[in-house]
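> have a look at this prediction, sequence included:
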Amino acid sequence: MLHLANRTAILSNILLLILFTATTAIAAAKPGVSSEAQTERYFESIRKDPNLLVAFLLEMPKGGDLHNHLSGAIYAESLIQWAIDANLCVDPKTLFVTPPLKLALSDPVCPATAVPAGSALDDPVLYRNLVDAFSMRNWLLSGQSGHDHFFDTFGKFGPATNGNTGKMLAETAARAASQREVYQEVMFTPTGKPFDEMLDSKAVREFKLEDDATANTFKAMREALVANGLSTAVQDAIQQTNDAETIRDRKLNCPPARDTAGCNVTQKYLFQVGRGKPKKVVFAQILLGFELALADPRFVGLNLVMPEDYYVPMHDFALHMRMIQYLHRQPKYSKVHVTLHAGELVEGLVPPEGLRFHVRDSVEMAGAERIGHGVDTLNETNSLQLLYEMAKKNVMVEICLTSNDVILGVRGSKHPLHDFMRAGVPVALATDDEGVARSDMTHEYLRGVEDQNLSYSELKRMARTSLEHAFINGGSLWSDGKTFAPVKECVGVQTGAASPAATCQKFLDSSEKARLQWQLEQQFREFEAREWPAAKIESSGAAAR
């Protein structure tokens, strides 16, 4: 009898499951409920389930990554292999990659304190130590702060990146494709022998560039660089980029296999300036960045990099802002795009005075159209007015949740993300250094949900915002980048449709930016048109219980 009762109960539960599933399916298909609303409903049903959430977010379209340091985007495993391929050495104690010694009448050999990088393949302890040293994996066991461990990684693996720009572009493009991104702005610094020779020319070497440099000083410095090899440095940077893209395309097998992961990700470049370098080098790099943006459409702007809290970036900050301001005011350079790391600081990392002006000066003096990080914005003088100024000027903030957490210890309610959003400042998520951080765009979105309680519609807005504020040629698909109302040519056309009307198609053909935005909308249409069976199973299970 007990066995029969159990069978009856099981059959009853099965009937309940079938009934609830059918009811849920009917409700899901109810007229008037948009596919976007159904998708958001499913998203909310799995918000507390990290496994289902990751699966959902991995497939979610994400637009573009606007804050991506190329060297920091590479995972440690690749760096170790490249060190092996180049016959480099590693010090098992310091975990620095070093070149071999070139001794007379013998093959290169490793220094006495180092071993061939290939040794790591036969030594599991050395291999795992290198992965930890080249990334933030297990950094809590390193005895260092997250800040120091993060920035120290670059000096340790640096030689392994030499000559591997093409491989690096291929790796980050392939990963972007797997994350459902369509666009990247990648930061790197293509300088070489011509740039060094320009700086070492007599006129430039003898030039004095002091803290109180004026516009006349910058003018004279620019003239000295132009007269002593700037055009050659520009052509060298272009050739380096050509060579890197050739290697990238060969690694990704594109073309002809355009469907290979990564081939359809559009990569553009931001020339990154080492703000911790000597004054003349910084000015020369800024100038080279401006010139490259004019000479090569692949270079869409520039950025200043290196730790903002170190001595030189702090001491020379105002000088750097004046350098960019001077060049931006020249008619020749007035339309060159600038995004700046600013406010990647917290209380205690620098004196209180150092928290008061970096974001404001980046916006007001240097004319930055985007700010990277902006973590200390609410510590700036008259910070609420600054927020509304950024909103009015449409200055976007590139939000890097993982790096802000591991480097600065800023997470949860301490992060200013929602302050930006409430003030109407546009924001988008970015990876920063996904290889070093052992992260990717999906997990930035996951942090957005779990750490910042973002909704599906907020994540979708950020994906659209990333392309709206990308430095891509052409007009935007949106007449209003906040409401995402389409331009007049595409009004009445279902955005993301496979075959837009002729007037809309003509507009898309005229604008690279609009085409990428349309591609994102197509991805959202396909994504939101899916059925989400897990939501039905979860709901049915709850009813049965």
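Sure, I can see it. Residues are numbered from 1 along each chain as shown.
> what about Phe121, how many residues close to it?
For the record, residue 121 is Leu, not Phe. Leu121 is flanked by 13 other residues according to other CB atoms under 10 Å. To be clear about C-beta, it is placed using only N, CA and C from the backbone, and glycine gets the same treatment.
> now do the strands in the stretch 51-200 of the chain.
For the stretch 51-200 of the chain, strands defined by DSSP state E, counting those that start in this stretch occupy the ranges 63-69, 89-90, 97-98, 115-116, 181-188.
> helices and strands around the last one, which ones?
What that stands for is strand 181-188. Contacts defined by 3 or more CB pairs under 8 Å, 6 or more residues apart in numbering; DSSP states H and E place strand 181-188 against strand 63-69, helix 165-178, strand 266-274, strand 299-305, helix 456-468, helix 512-528.
> which one of these is the most hemmed in?
strand 63-69 (a mean of 28; mean count of other CB atoms under 10 Å).
> among the helices and strands packed on strand 181-188, which comes closest to Gly492?
helix 512-528 (14.7 Å; CB to CB).
> what about that closest one, average pLDDT?
Averaged over helix 512-528, pLDDT sits at 96.
> give me the contacts around it.
35-36, 38-39, 59-61, 63-64, 180, 182-183, 266, 460, 463-464, 467-468, 470, 472-478, 487, 495-498, 500, 507-509 (CB atoms under 8 Å, 6 or more residues apart in numbering).
> one more pass at 6 Å, please.
The contact list for helix 512-528 (CB atoms under 6 Å, 6 or more residues apart in numbering) reads 35-36, 39, 61, 63, 182-183, 467, 472-474, 476-477, 495-496, 508.
> kindly report the same for stretch 147-167.
Contacting residues not belonging to stretch 147-167 are listed as 71, 79, 82-83, 88, 95-97, 133-134, 139, 142, 244, 247-248, 307, 407, 436 [CB under 6 Å, 6+ apart].
> emit the PyMOL select command for whichever of those residues are buried.
Selection of buried members from the contacts of stretch 147-167 for PyMOL, criterion 16 or more other CB atoms under 10 Å:
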select buried, resi 71+79+82+83+88+95+96+97+133+134+139+244+247+248+307+407+436
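> among the contacts of stretch 147-167, which lie within helices?
Per DSSP state H, helices hold the following members of the contacts of stretch 147-167: 79, 82-83, 133, 244, 247-248, 407, 436.
> need the max-distance pair from these.
Ile247 and Ile407 (30.7 Å).
> separation between Trp528 and Phe43?
Not Trp; residue 528 is Glu. Per CB to CB, to the nearest Å, Glu528 is found 10 Å from Phe43.
> what's the answer for Lys62, then?
Relative to Phe43, and taking CB to CB, Lys62 is found at 14 Å.
> who has more neighbours, these two?
More crowded of Lys62 and Phe43, by other CB under 10 Å: Lys62, with 26 against 22.
> for the more buried one, list the residues it contacts.
Contacts for Lys62 (CB under 6 Å, 6+ apart) come out as 179-181, 441, 463.
> swap the cut-off to 7 Å and go again
With contact taken as CB atoms under 7 Å, 6 or more residues apart in numbering, Lys62 is in contact with 179-181, 441, 445, 463.
> now swap in Pro190 and tell me
Per CB under 7 Å, 6+ apart, neighbours of Pro190: 237, 240-241.
> phi, psi for Ala485 please.
Dihedral angles of Ala485 (phi, psi; degrees, to the nearest 10) stand at phi -80, psi 130.
> give me the neighbour count for it.
13.
> was I right about it contacting Ser479?
Yes: look at Ala485 against Ser479 with CB atoms under 7 Å: they come within range, at 5.2 Å.
> circling back to that earlier point, who wins for most neighbours among the contacts of Pro190?
Neighbour max across the contacts of Pro190 (other CB under 10 Å) = Ala237, 26 neighbours.
> so what pLDDT did it get?
98.
> same thing with the one 4 residues further on?
Note for Thr241: predicted pLDDT of 98.
> so it sits in a helix?
Yes: residue state for Thr241 (DSSP: H, G, I helix; E, B strand; the rest coil) corresponds to a helix.
> what residues are up against it?
By CB under 7 Å, 6+ apart, the residues touching Thr241 are 190, 269, 298.
> ok, now Arg222?
Applying CB under 7 Å, 6+ apart to Arg222 gives the contacts Leu287.
> in JSON lines, list the helices and strands packed on strand 181-188 along with distance to Val395.
Converted to JSON lines, these look like this (distance: least, CB to CB, whole Å):
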{"stretch": "strand 63-69", "distance to Val395": "13"}
{"stretch": "helix 165-178", "distance to Val395": "25"}
{"stretch": "strand 266-274", "distance to Val395": "16"}
{"stretch": "strand 299-305", "distance to Val395": "14"}
{"stretch": "helix 456-468", "distance to Val395": "12"}
{"stretch": "helix 512-528", "distance to Val395": "18"}
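> these: which one's closest to His373?
Per CB to CB, nearest to His373 of the helices and strands packed on strand 181-188: strand 63-69, 8.2 Å.
> next, the angle helix 512-528 makes with that closest one.
Using axes from the mean of the first three to the mean of the last three CA atoms, to 10 degrees, the inter-axis angle of strand 63-69 relative to helix 512-528 is 120 degrees.
> remind me what strand 63-69 packs against, helices and strands.
Secondary-structure packing of strand 63-69 (3 or more CB pairs under 7 Å, 6 or more residues apart in numbering; DSSP states H and E): strand 181-188, helix 456-468.
> among the ones you listed, which is nearest Thr339?
Of all these, it is strand 181-188 that lies closest to Thr339, at 8.1 Å by CB to CB.
> rounded mean pLDDT for that closest one, please.
98.
> neighbouring strands of it in the sheet, and parallel or not?
Taking DSSP bridges as the criterion, strand 181-188 sits next to strand 63-69 (parallel), strand 266-274 (parallel) in its sheet.
> list the buried residues for it?
Here strand 181-188 shows 181-188 as buried, counting by 16+ other CB under 10 Å.
> can you check stretch 41-59 too?
42-43, 45-47, 52-54, 56-58.
> without its sequence neighbours, what residue ends up closest to Asp243?
Residue nearest to Asp243 in three dimensions, not counting chain neighbours: Gly166, with 6.9 Å by CB to CB, 6 or more residues apart in numbering.
> so who does Gly374 touch?
Residues in contact with Gly374 (CB under 7 Å, 6+ apart) are 342-343, 359, 397, 416.
> let's see that with 6 Å instead.
343, 359, 397.
> in strands, which of those residues fall?
Secondary-structure check on these using DSSP state E: residues within strands are Val397.
> which among the contacts of Gly374 gets closest to Val375?
Distances from Val375 to those, taken by CB to CB, are shortest for Gly343, at 5.3 Å.
> number of residues surrounding that closest one?
If you count neighbours by other CB under 10 Å, Gly343 ends up with 25.
> what's the spacing between it and Leu454?
Between Gly343 and Leu454 the computed distance is 21 Å (CB to CB).
> in the stretch 351-500 of the chain, which spans are strands?
370-373, 396-399, 427-429, 478-480, 485-486.
> my read: Leu302 touches Leu287, true?
No: counting by CB atoms under 6 Å, Leu302 stays clear of Leu287, with 9.8 Å between them.
> after the least confident helix or strand in the chain by mean pLDDT, next one along is what?
Within the chain, no helix or strand scores below helix 2-28, which has a mean of 40 by mean pLDDT, DSSP states H and E. Going down the chain from helix 2-28, the next helix or strand is helix 35-45, by DSSP states H and E.
> tell me what that following helix is packed against?
In terms of contacts (3 or more CB pairs under 6 Å, 6 or more residues apart in numbering; DSSP states H and E), helix 35-45 is packed against helix 512-528, helix 533-544.
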